[in-house]
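*Asks:* Provide a 3D model corresponding to the input given below.
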Amino acid sequence: MVERDIQKVKVDIFGEKFTVKGTESEEHVREIAMMLDKKLQAVANRNKLLSTSHVAILAALNLTDELKRLKEDYQNIVRVLNEDKK
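*Replies:* Alright, predicted model coming up:
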């Protein structure tokens with residue numbers, strides 16, 4: 001297993017500046033920060049009266065739903081592949 005150095009990456013998410021520490025590449029951190037920012041902006045644009053915390057919660061719900069659906073799809077694909085092996 002390759003150990004990576006912990007690095008700090010400065011990102012801007014929903015108008016706020018954050019320093020993210022981790023072992024992922026700077027490119028990866030910037031990409032996921034941009035994806036999150038787009039999700040937050042999309043939620044905020046649908047309802048201009050939402051508070052920042054409500055925007056964050058609704059975006060988190062949307063992302064969690066996407067993750068759950070992707071996990072289910074993955075499990076179905078693995079099941080089908082395992083059935084094909086039999």
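*Asks:* And the longest helix along the chain, what's buried?
*Replies:* Longest helix of the chain, by residue count under DSSP state H: helix 52-85. Within helix 52-85, the residues that count as buried by 16 or more other Cβ atoms under 10 Å are Val55, Ala56, Leu58, Ala59. Just so you know, the C-beta spots here come from the backbone N, C-alpha and C atoms, and that holds for glycine as well.
*Asks:* Stretch 18-37 too?
*Replies:* Across stretch 18-37, burial judged by 16+ other Cβ under 10 Å covers Val20, Val29, Arg30, Ala33, Leu36, Asp37.
*Asks:* Surely Ile13 and Ala33 touch.
*Replies:* Yes: shown here, Ile13 and Ala33 form a contact pair, counting by Cβ atoms under 8 Å, at 5.4 Å.
*Asks:* Toward the C-terminus, what is the element adjacent to the host helix or strand of Asp12?
*Replies:* Asp12 belongs to strand 7-13 when assigned by DSSP states H and E. Later in the chain than strand 7-13, the nearest helix or strand by DSSP H and E is strand 16-22.
*Asks:* which residues are in contact with the helix or strand that that following strand is followed by?
*Replies:* Later in the chain than strand 16-22, the nearest helix or strand by DSSP H and E is helix 26-46. Contact with helix 26-46 is made by 7, 9, 11-14, 18, 20, 22, 50, 55-56, 58-59, 62-63, as judged by Cβ atoms under 8 Å, 6 or more residues apart in numbering.
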